[in-house]
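Student: model the following, please.
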Amino acid sequence: AAFSFVHEDNPSEDHCDKTQERIDLAMNMHRKLGFNVTPKTHGMEKHVVDQMRRVKGGIAKLIEHWVEHYHQVGHRYDIKWRNQKNEKLKAEIRGRRE
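Tutor: Model (predicted):
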């Protein structure tokens with residue numbers, strides 16, 4: 001629910017407040033389950049609602065653009081390294097590039 005609330009065009013202050021509440025609940029459970037706080041989850045918890053408020057129209061379209069771009073970049077890596085048989089080496093190479 002938290003992530004879907006981020007995808008709101010022209011979010012109101014009330015919507016932003018509710019989004020942060022949902023993010024806080026999700027992050028509390030995330031920590032309770034013992035999961036690591038990654039840069040992505042930190043960004044969601046501490047920065048995304050502020051960006052929703054600051055970017056005119058909201059950030060939904062920006063997120064869609066970023067996800068599409070990331071898929072394109074990932075596909076290029078997949079094509080480039082598809083002949084490498086060693087999966088561990090592929091993961092190490094990709095990890096250094098990201």
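Student: tell me how far A1 lies from D24.
Tutor: Counting by CB to CB, to the nearest Å, the gap from A1 to D24 is 12 Å. Quick note: C-beta positions are derived from backbone N, CA and C, even for glycine.
Student: let me fix that: E8
Tutor: In this view, E8 and D24 are 17 Å apart by CB to CB.
Student: the two: which is more packed in?
Tutor: More neighbours surround E8 than the other of E8 and D24, with 17 against 13 (other CB atoms under 10 Å).
Student: low pLDDT regions in the chain?
Tutor: For the chain, the stretches with pLDDT under 70 are 62-75, 94, 97-98.
Student: tell me the centre residue of the chain?
Tutor: K40 (5.2 Å; CA atoms, centre = their mean).
Student: on the three-state scheme, that residue is what?
Tutor: Under DSSP: H, G, I helix; E, B strand; the rest coil, K40 falls in the helix class.
Student: can you tell me how far E87 is from W81?
Tutor: For E87, the distance to W81 (CB to CB) stands at 10 Å.
Student: actually K61, sorry about that
Tutor: Relative to W81, and taking CB to CB, K61 is found at 31 Å.
Student: which one of those two has more residues nearby?
Tutor: Between K61 and W81, counted using other CB under 10 Å, W81 has the larger neighbour count: 16 against 12.
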